[in-house]
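J.: sharing a model prediction with you, sequence too.
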Amino acid sequence: MRIPIAKEIQEKVNNGDVLVAIEWFKWTLFGLRFTYHTAAKTEWSCSNLYAIERSDFSEEEYLAGYEIDDKFLRITPFKTFGIPLKGQGYVFGLDFRSDGIYYDFIYETEYLAHIYVKMTSKGEFDNKIIVPPTWDLVKREKILLSKAEGVKVQCANILEIPTS
């Protein structure tokens, strides 16, 4: 799937804001809709939400966007993606952090929890998983497959403003 960056968002980024996250949802009646989170490059800034209620993106907006493999959009066991987690899920959005891009997975097996998995530009697992801050150590270890040595699982703030 090609994820477009709307002109309104491109203008905000060109004027100094940072793109923090993109989420999407496919409505039965309205089709695919995108929500963009931007923030100013200050230490105490908060995220601004921009819901784009249209599906008629121009070619320019698609060229400025991101590409994500369609296999991530369907409910699938995590091990199929090369992610050492028990259960299944699908990608709901992208989260841009200072150390890379994280896929925002809806973890179907854990009551639709959001987990963030660091991925490479090629869509491969990059050895780091961020779980909800309410999960204790036992719960974090329980979701990993037994062969998940060296995988970093941490609790962190859901929103992080990248420095660049």
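T.: Right, received. Where do you want to start?
J.: list the backbone torsions phi and psi for Thr109.
T.: phi -70, psi -20 (degrees, to the nearest 10).
J.: list the contacts for it?
T.: By Cβ atoms under 8 Å, 6 or more residues apart in numbering, the contact set of Thr109 is Lys86, Gly87, Gln88, Gly89. To be clear about C-beta, it is placed using only N, CA and C from the backbone, and glycine gets the same treatment.
J.: so the second one is in contact with Lys79, correct?
T.: No. Contact criterion Cβ atoms under 8 Å: Gly87 and Lys79 do not qualify, at 9.4 Å.
J.: do a quick rundown of the helices in the protein.
T.: 7-14, 59-63, 137-142 (DSSP state H).
J.: please identify the deepest-packed of these.
T.: The highest mean neighbour count among the helices of the chain, using mean count of other Cβ atoms under 10 Å, belongs to helix 7-14: a mean of 14.
J.: which secondary structure elements does that helix contact?
T.: When contacts are defined as 3 or more Cβ pairs under 8 Å, 6 or more residues apart in numbering; DSSP states H and E, helix 7-14 sits against strand 31-39, strand 48-52, helix 59-63.
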